[in-house]
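1. Have a look; sequence and predicted model below, questions after that.
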There are 2 protein chains.
Amino acid sequence: MSLAPDWVKQLKPAEPQGSDILALERGRSSLQADKMALYLFGEEKLRRRRDVENILKNDPVFDKKNNYFDGRVDKFKTALARAKRMRQLAVKYNWDDMDVEIARKLISEPDPYGLHSSMFLITLRDQTTEEQKRLFLDKAEAYIYIGAYAQTELGHGSNVRGLETRATWNPDRKTFTMHSPTLTASKWWIGSLGRTANHAVVMAQLYIGGKNYGPHAFMVQIRDLETHEPLPGRHVGDIGPKFGYNNMDNGFLLFDNVEIPHVNMLARFARVDKETNQYVKPPSSALTYGTMTWVRANIVLDAGATLARGTTISLRYCAVRRQFQDKDAKEGADESPVLDYTMVQYRLFSCLASAFAMHFSGQAMMSLYAQKQEWVNKNSNIKGKPDVGKLSSTERGPAPEEVNAGADILADLHATSCGLKALASITAGEGLEVCRRACGGHGYSSFSGLGTYYADYLPTLTWEGDSYMITQQVARYLLKMVRQVVKGEKPNNDATEIIAAYLAKADLKTGKAPPPPDFDIIGNDADLVKAYGWRAAQMAVEAWRRRDVEHVAWNALLIDFWRLSTAFSQYIVVKNYHEALQSTAQDRKLDSTSIEVLRDLFRLYAFYNIENFGLEFLASSAATPKQVSYTRRKGVPEAMARIRPHAVKLADSWAFSDWQLDSSLGRADGNVYEDMFYRASTSGNNPLNYLTLDPRADSKVLVKVDRTPKRAQAKL
Amino acid sequence: MSLAPDWVKQLKPAEPQGSDILALERGRSSLQADKMALYLFGEEKLRRRRDVENILKNDPVFDKKNNYFDGRVDKFKTALARAKRMRQLAVKYNWDDMDVEIARKLISEPDPYGLHSSMFLITLRDQTTEEQKRLFLDKAEAYIYIGAYAQTELGHGSNVRGLETRATWNPDRKTFTMHSPTLTASKWWIGSLGRTANHAVVMAQLYIGGKNYGPHAFMVQIRDLETHEPLPGRHVGDIGPKFGYNNMDNGFLLFDNVEIPHVNMLARFARVDKETNQYVKPPSSALTYGTMTWVRANIVLDAGATLARGTTISLRYCAVRRQFQDKDAKEGADESPVLDYTMVQYRLFSCLASAFAMHFSGQAMMSLYAQKQEWVNKNSNIKGKPDVGKLSSTERGPAPEEVNAGADILADLHATSCGLKALASITAGEGLEVCRRACGGHGYSSFSGLGTYYADYLPTLTWEGDSYMITQQVARYLLKMVRQVVKGEKPNNDATEIIAAYLAKADLKTGKAPPPPDFDIIGNDADLVKAYGWRAAQMAVEAWRRRDVEHVAWNALLIDFWRLSTAFSQYIVVKNYHEALQSTAQDRKLDSTSIEVLRDLFRLYAFYNIENFGLEFLASSAATPKQVSYTRRKGVPEAMARIRPHAVKLADSWAFSDWQLDSSLGRADGNVYEDMFYRASTSGNNPLNYLTLDPRADSKVLVKVDRTPKRAQAKL
């Protein structure tokens, strides 16, 4: 047994105590963390968070104490119990989508209903006829049909056109035959399909009379509603353990000539005419790309919160943790807080600055989305789709008369959401690991709360468009913009404005660059933003020159495109952040201290990325060598020094509760060592500590005594 | 049940088959992978690998089929069984240390004897008197005493001097009292201590007559040899789950005034005189730092193999995986292998190049170690210690008369091993994640073989000196070198030679930089190496100027020091690689094709890092803007194009067996999809697939039917 004897229970950490340290840290800063939280999230969201958390915390199903100890099978059973209870609570308390989303974030793990409540329901709402809504959607919304969205295959990911699953129209029987002709046609990675779903929306190549009409969506029942066993002709199961996301049953699915009725092809846009056996085209092919664009916009919004979570944990811990004396201090001085070391600040404060930067860009996209959604609802006959509307934060302001409707809007929105998705997901994913490492050895403990969260986050870099591959979409969009400007067309958004400004001064015939723009990036924030735009414009023009003038192969330009996409997206992010600062100051949404700290973080973000992408700023003359050197020598260090006193308060500003973080290191009260020790030893939750081994090499006995208490099964 | 029906079993992947693809890939290259393997590892090591693997593969204890499925408790039991069996096999087959190390690498997971066979035995061999060897070492070598090395504490990591555990000398009873005065004094992270060890070498502050003599090593029995229960006054257990390394029982340990005899203080160097009750100093305090230096050298050696493992898996899979057509190809063209995309090559080939680079630097360090060890054995009265000798690859050649013995050697060796440890571990750790991401969605599956391996590798970035923090050691060393040169002392190694060359042309009084050195980095490999040296020298001098002339605070220089350490270590790596190429060509150790490919990888490594650290090359004039631009525009892409045909053969060259990799994606035969499918579905190993759920939200039942077969317990 490892429950501690009395002499252990009486021990306290060495002085100073974590709680005193954090109190001192908070005392040093006049920042008002609660006001900042209000500013970031608004009163309603904060209130709902508190309300939902109170309900979850008091329900034993959501007790997190075994989360870090459970193996996959227990983890999954618990996750299913939680998913069910969450649905029950949603019904009981009449939670809307926002409440449910808040609950998910608080629970902080994937769940087996995850794909049902997102992609499955969205697709059914979007792509069904009225008849289909009655047949499928009603039962899905009542959680009788539990669904999955089956697109990816074992051999096919991003390239949807390469899917192998077939849906063949049978003109005589007026049915479709779903079939998997090969092993690589097996659906794969399908969330909630492995064990949970009884239905799936299946993307399959539609064949009519031997001709392929491309991928379309079909509703297919997978399992019996009573026994939950797979129906004939379906081979379905879980694809096995993953790096993270093990609370989710990502599944595989193969069809052996499964026949489904005509009504099971989701027919709001395209359909097969039952009488003529002819294919009827959708009004615009662009419409089918919508859902993914909407999902990507959400990823950007989440990236800020993700990074904020990582930095909250690591900032608090690094304030508490002491290690080594300052080398210039007198002999016998106390050890310094790790957070005082500039090498730690450089890593953590840049993540913190990115968290705010992503937050403001996410907000900008969402408000833009709302504006455009309104406009689309007024001007389009396709209402209520979450995927129509302009998310591009390169176009702002409520001037609908300037906006091109239809495919143009979607193309714009598609490109910008791709670029920001790539930048935001990579920044957040890599940032979490930066935070983990900054916590030293203890960062590696599950109790840090960083590892599991990081592992669960990583798919975001790959799904909804691999974050390297989709940068081509941004390049394609910017190439098009350059071509427009070259043709003398009027710029219709910020992206082309900055490109136009660049081109106006460049000599395209000779390829001669424009004269250096002489931005005051040190003294003038607006110029700092312009420098980012200038760099992106130069790279866009250079890409255009290589592609259109030199006719370089597309494949040979992919690395350039990736860099261009990063540069353009960083411009958007810096621009959004700057605009948020301006409107905050103008409308006095915050006190002056808070605004100053936010501005320090803005400058840190901008300077940090200038020094890390310095070659590009130099090559485009967006910054001079002296300015780039300034960012490294002065800009970044000075911003860090100004941020340091507010670090813990800034962490507090994101308003993560201890229950949500589930982290020894990130405790708001600073009692990190007591918590680590409790979880490992005195709580009795660590199953390994119930085993007494026989360690001798020549003994066949492994476990001499097993005192493991019987573990209660997950239940509702 | 998910065992597949016949119609599934008959399915094959879509054409082309993975096996045909890899055969074609191999056919395209004239590289001889087996010759390359021979060159990299030597015949003996390859033969031993085969012999050891044959033994392991045929022993059911080492069957890997449940590795990715087991939760921590099962994982740990299995690991204990394997550790025991490995010890039994070592005795049976008379394996030496190299065989055991080979077996560990093949099994590829941490084990509960890990710290016994490394740190515990090494410390006992190194730091004990003859009497202590008889008392402790003999039993430890017979695996009767199973030990751990207990240094790190809950509140104290890198700063050993900050440890809180006390060993107080009792002059009357001639004993030491081991005591943990606080909770933060608890030993923490101690490998093999959690459940396995019955003894530990404990680092504790030695107190005699109220005076603290600093940390010393004490042998303490922790558990009863028969019952294996903790002895009185010890509170010991496992610290809980971690991001990886869960086969290992990292432990905690607290003492409540535990008394141990005089003979239990390891007394080869320092000791307490029993008669006078006086402390007797060790001959040189530097000697106690030795073990860590030796451990760091090993980390560098391993980093190459680690990256090679990641790239082997991802190169093979990316050759098999097809996605999208080339954008410039005709309509209807086949999908391209992912490996043809330059964006993928950029990420994977740079990792492959780093793998070779780290391998050659590891080899250089080891051969240097052997040379210096020989010299030390001749010239020192302290024989057989693994920590004495000069690992610094900045000093080469068998000229012992130039070498300073004692503390100087250790300081040199210490600094270089720190810099290379930091660079190598970060390169390998981050490289593994690059490899994983390049595998797209399937990289996230445990069956990729990348995730677990990455998670198990990550502690390397933190332990044995946090890879950010220890870069200060390199800076300290280089600052000293600059000071020597400034004083006009003769350079005694390559580091100072390049600094001296730089200083000779600079004007220290005015701080004026020397004229640009005009290196031909594009046409001349030796100049390429010099450019790396020049950049490091300029940064060292700049650091010296800021510290010694401008008196900037040490803490304000940490980011500069980290950059300086990276620059210096990259110089060492490029230099070692270049020397390996030269000696390989000179001694005709390989055919000309192989040497050419190795040179392409060398240039890729060098150019890739120039473009990524371009600002530093520009700031030091080690390269001109035109040259830096060349690396980005031509150098890297041309090297990639030359490497591409040999990519799969280069992966083969590292001679990883399928059994070792345990990866669906990395299969040598290219049957990646069959293997993924088998593991998830038809093997019957995936426990989730035995559960039939009730997914309906309003049902209290979670599992309707559980068909899980009774799992055989791990046994010997």
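-> Arrived safely, thanks for sending.

2. Give me the next element, helix or strand, following the helix or strand harbouring A:E259.
-> Assigned by DSSP states H and E, A:E259 belongs to strand A:258-261. Using DSSP H and E, the helix or strand that follows strand A:258-261 in sequence is strand A:271-272.

3. Using PDB, list the CA coordinates for the strand holding A:E259.
-> Listed next in PDB are the C-alpha coordinates belonging to strand A:258-261 (Å, rounded to 0.1, in the frame of the first residue of the first chain):
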ATOM      1  CA  VAL A 258     -25.200  -3.400 -49.400                       C
ATOM      2  CA  GLU A 259     -28.400  -2.200 -51.000                       C
ATOM      3  CA  ILE A 260     -30.000   1.000 -49.800                       C
ATOM      4  CA  PRO A 261     -33.200   2.800 -51.000                       C
END
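
4. List the buried residues in that strand.
-> A:V258, A:I260 (16 or more other C-beta atoms under 10 Å in any protein chain shown). Glycine gets a C-beta too; all of them are placed from N, C-alpha and C.

5. and it, what other elements does it pack with?
-> Counting contacts by 3 or more C-beta pairs under 8 Å, 6 or more residues apart in numbering or on different chains; DSSP states H and E, strand A:258-261 packs against strand A:175-179, strand A:211-221.

6. now check the last one, is it near chain B?
-> Looking back up the chat, that one is strand A:211-221. No - Strand A:211-221 stays clear of chain B (C-beta under 8 Å from any C-beta of the partner chain), getting no nearer than 11.9 Å.

7. That strand vs strand A:175-179, what angle?
-> Per axes from the mean of the first three to the mean of the last three C-alpha atoms, to 10 degrees, the angle that strand A:211-221 makes with strand A:175-179 is 90 degrees.

8. and strand A:211-221, average pLDDT?
-> The pLDDT scores in strand A:211-221 average 97.

9. Could you report the neighbour count for A:W554?
-> A:W554 sits with 16 neighbouring residues when counted by other C-beta atoms under 10 Å in any protein chain shown.

10. do A:K710 as well
-> With other C-beta under 10 Å as criterion, A:K710 counts 5.

11. repeat for A:T624
-> For A:T624, the neighbour count with other C-beta under 10 Å is 15.

12. cool, A:F120 as well?
-> Residues lying near A:F120 (other C-beta under 10 Å) number 28.

13. and the closest residue to it other than its chain neighbours, what is it in contact with?
-> The shortest distance from A:F120 to any non-neighbouring residue, by C-beta to C-beta, 6 or more residues apart in numbering or on different chains, is to A:G147 (3.5 Å). A:G147 is in contact with A:L115, A:H116, A:F120, A:L121, A:L124, A:A140, A:S192, A:A197, A:N198, A:H199, A:A200, A:V201, counting by C-beta atoms under 8 Å, 6 or more residues apart in numbering or on different chains.

14. Just list the residues touching A:T312, thanks.
-> If a contact means C-beta under 8 Å, 6+ apart, then A:T312 has A:A651, A:D652, A:W654, A:F656, A:L661, A:G666 as its contacts.

15. switch the cut-off to 6 Å
-> A:T312 makes contact with A:A651, A:W654, A:F656, A:G666, according to C-beta atoms under 6 Å, 6 or more residues apart in numbering or on different chains.

16. Can you tell me which of the residues you listed is closest to chain B?
-> For the contacts of A:T312, the residue nearest chain B by C-beta to the nearest C-beta is A:G666; the value is 15.5 Å.

17. which phi and psi does A:S361 have?
-> Phi and psi for A:S361, reported as degrees, to the nearest 10, are phi -70, psi -40.

18. thought it was touching A:N576?
-> Yes - A:S361 is within contact range of A:N576, at 4.4 Å (criterion: C-beta atoms under 6 Å).

19. can you give me the strands in the stretch 401-550 of chain A?
-> Counting by DSSP state E, counting those that start in this stretch, the stretch 401-550 of chain A has no strands to list.

20. Of all the residues in chain A, which one is nearest chain B?
-> Closest point on chain A to chain B, by C-beta to the nearest C-beta, is A:G71, at 2.0 Å.

21. What's the per-residue pLDDT of that residue here?
-> Looking at A:G71, its pLDDT reads 95.

22. what's the closest non-adjacent residue to it?
-> B:G71 (2.0 Å).

23. measure the one you found to B:D249 for me?
-> 15 Å (C-beta to C-beta, to the nearest Å).

24. and these two? which has more neighbours close in?
-> B:D249 (30 against 18).

25. Return the residues in contact with the more buried one.
-> B:P112, B:G194, B:R195, B:T196, B:D238.

26. any idea which of those residues is the one closest to A:E131?
-> For the contacts of B:D249, the residue nearest A:E131 by C-beta to C-beta is B:D238; the value is 59.1 Å.

27. what's the burial count for that closest one?
-> Look at B:D238: counted by other C-beta under 10 Å, it has 25 neighbours.

28. which non-adjacent residue is nearest the most centrally placed residue in chain A?
-> Centroid-nearest residue in chain A, with C-alpha atoms, centre = their mean: A:I299, separated by 3.6 Å. In space, and not counting its chain neighbours, A:I299 is closest to A:K421: 5.1 Å by C-beta to C-beta, 6+ apart.

29. re earlier: closest to B:S467 among the contacts of A:G147?
-> Of all these, the one with the least separation from B:S467 (C-beta to C-beta) is A:L115, at 38.8 Å.

30. any idea which helix or strand carries the closest one?
-> Using DSSP H and E, A:L115 maps to helix A:114-115.

31. ok so, going back, pull up the gap between the residue nearest to A:G71 and A:L688, please.
-> Note on B:G71: its distance to A:L688, by C-beta to C-beta, is 11 Å.

32. looking at chain A, which helix or strand does the model trust least?
-> helix A:494-505 (a mean of 83; mean pLDDT, DSSP states H and E).

33. So which bits of the stretch 1-150 of chain A are right by chain B?
-> A:2, A:4, A:7-8, A:11-14, A:68, A:71, A:73, A:77, A:80-81, A:84, A:87, A:143, A:146 (C-beta under 6 Å from any C-beta of the partner chain).

34. so of these, which ones are in helices?
-> Counting by DSSP state H, these place A:W7, A:V8, A:V73, A:K77, A:L80, A:A81, A:K84, A:R87 in helices.

35. Spit out the contact partners of A:Y317.
-> A:Y317 neighbours (C-beta under 6 Å, 6+ apart): A:C439, A:L665, A:V672.

36. Need these in JSON lines (columns: pLDDT and distance to chain B).
-> As requested, the contacts of A:Y317 are exported to JSON lines (pLDDT from 0 to 100; distance: C-beta to the nearest C-beta, whole Å):
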{"residue": "A:C439", "pLDDT": "97", "distance to chain B": "9"}
{"residue": "A:L665", "pLDDT": "98", "distance to chain B": "12"}
{"residue": "A:V672", "pLDDT": "98", "distance to chain B": "9"}
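
37. what's the closest of those to A:L24?
-> Closest approach to A:L24 among the contacts of A:Y317 (C-beta to C-beta): A:V672, at 15.3 Å.

38. so what's that closest one up against?
-> A:V672 is in contact with A:G18, A:Y317, A:V320, A:S664, A:L665, counting by C-beta under 6 Å, 6+ apart.

39. same check, this time on A:L22
-> Contacts for A:L22 were tallied using C-beta under 6 Å, 6+ apart; they are A:G670.

40. what pLDDT, on average, does the one helix or strand it maps to get?
-> Assessed by DSSP H and E, A:L22 sits inside helix A:18-27. Averaging pLDDT along helix A:18-27 yields 98.

41. and that helix, how far from the chain's centre?
-> For helix A:18-27, the separation from the chain centroid amounts to 32 Å (computed by C-alpha atoms, centre = their mean, to the nearest Å).

42. Tell me the buried residues in it?
-> Buried residues in helix A:18-27, counted by 16+ other C-beta under 10 Å: A:G18, A:S19, A:I21, A:L22, A:E25, A:R26.

43. same thing with stretch A:516-529?
-> Neighbour counts over stretch A:516-529 (16+ other C-beta under 10 Å) mark A:P517, A:F519, A:I521, A:I522, A:D525, A:D527, A:L528, A:V529 as buried.

44. Not counting its own residues, what contacts that stretch?
-> With contacts defined as C-beta under 6 Å, 6+ apart, stretch A:516-529 is touched by A:K530, A:A531, A:W534, A:V574, A:K575, A:H578, A:A606, A:S621, A:A623, A:Q627, A:Y630.
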